[in-house]
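*Asks:* structure for this input, please:
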Amino acid sequence: MKCECHGHIIADGVSYAAAMERHKNGVDFDYVRGTLEKVRGCGVDFYRDGGDKYLVSAYAKTIAGEYGIDYRTPIWITHKKGCYGGMYGRAFETMKEYRALVEEALRLGADFVKLTVTGMLDFENGGEILGRPFTGEELREAVRIAKGEGLAVMAHVNGADFILEALDAGVDSVEHGFWPDERVIGHFLDTGAVWVPTSVTVYNQIGAGRYDDDVMRRILKAQRDVLVRAYEKGVLIACGSDAGANHVYQGKGTDDEMRLLHEMGIDPQKGNEEIMRRFKRQ
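*Replies:* Model (predicted):
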């Protein structure tokens, strides 16, 4: 199968604001169908969505079979209030509220839970990690609650210390994982978690004129150096492009990420298979 292990069907790679405007008063059904057709036209037959706040991925899941796509979604990102995640998610303050969000997502057809442990990278400030992290006992409890419902956990996380904390908490996949270090390799191996690096989100900015290319190259190299060694030691790495992110187009982004991984000597097949196996509602 050709796998997109991290995408957002709501977005188009051009404008986040326009994408939200398109769906804020209700899902644009024609857009979703057109995007699924585009994705399938690129050969993608497995798509793991990262969720959105307007239930676009929830609708996509109900019709994806018509296009021959095995589609999985958390419905939305579930994030701690005050932490990153509002772009595509819903917030909670207490663990009672978190549990209610998980139960609501389940009723809407969620296949897994997506949590945000850290924020995005600030490309205008050297790739600094933005936002207040969601860590500690609350993170561990959030993972336990999800697992108690038979749901795997997809975790948006950057920075070596936070990657380690997410892995120790029991997440099933690490999304992005920029600014790692050698320590994360052993933790990936010990936990069996999958790394979905979405390297193309940085690579496709090089030459685009939006950010400093040297900053993009430094971020990419720091991830690539650890990623290659992790793969050589047996860490499972999957192909996910963050399709819909800026300059990462639906369908084409998957090919871009696959090409980058292959240039690093990484075959994502085993990682893809593990994502397909784990991120299925039990």
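*Asks:* all helices for the stretch 151-282 of the chain, in order.
*Replies:* Taking DSSP state H, counting those that start in this stretch as the criterion, the stretch 151-282 of the chain contains helices spanning 160-169, 183-191, 200-203, 213-232, 252-263, 269-278.
*Asks:* what's the most buried one of those?
*Replies:* Mean neighbour counts were compared across the helices of the stretch 151-282 of the chain using mean count of other CB atoms under 10 Å; the top stretch is helix 200-203, at a mean of 26. No exception for glycine: its C-beta is placed from N, CA and C like everyone else's.
*Asks:* closest one to Met154 among the helices of the stretch 151-282 of the chain?
*Replies:* Shortest separation from Met154 across the helices of the stretch 151-282 of the chain is recorded for helix 269-278, at 8.9 Å, computed as CB to CB.
*Asks:* against which helices or strands is the closest one packed?
*Replies:* With contacts defined as 3 or more CB pairs under 8 Å, 6 or more residues apart in numbering; DSSP states H and E, the packing partners of helix 269-278 are strand 3-7, strand 46-49, strand 194-196, strand 236-237.
*Asks:* export those to CSV and tack on mean neighbour count?
*Replies:* Output for the helices and strands packed on helix 269-278, formatted as CSV (neighbours: other CB atoms under 10 Å):
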stretch, mean neighbour count
strand 3-7, 29
strand 46-49, 27
strand 194-196, 29
strand 236-237, 24
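*Asks:* OK, contacts around Glu138?
*Replies:* Listed by CB atoms under 8 Å, 6 or more residues apart in numbering, the contact partners of Glu138 are 80, 95.
*Asks:* and it, helix, strand or coil?
*Replies:* Secondary structure of Glu138, reduced to three states by DSSP: H, G, I helix; E, B strand; the rest coil: helix.
*Asks:* can you give me the distance of it to His23?
*Replies:* With the distance defined as CB to CB, to the nearest Å, Glu138 ends up 30 Å from His23.
*Asks:* and if you look at Ile10?
*Replies:* Applying CB to CB, the value for Ile10 to His23 is 6 Å.
*Asks:* shared neighbours of those two, which are they?
*Replies:* What both Ile10 and His23 touch, as defined by CB under 8 Å, 6+ apart, is the set 52, 54, 56.
*Asks:* mind listing the strands for the stretch 51-200 of the chain?
*Replies:* The residue ranges that make up the strands of the stretch 51-200 of the chain, judged by DSSP state E, counting those that start in this stretch, are 70-72, 77-80, 89-92, 112-116, 121-122, 128-129, 152-157, 173-176, 194-196.
*Asks:* strands paired with the fourth one, and their directions?
*Replies:* The strands beside strand 112-116 in its sheet (DSSP bridges) come out as strand 77-80 (parallel), strand 152-157 (parallel).
*Asks:* follow-up on the earlier one: which one's more surrounded, Ile10 and His23?
*Replies:* Neighbours of Ile10 and His23, each counted by other CB atoms under 10 Å, are more numerous for Ile10; the result is 29 against 20.
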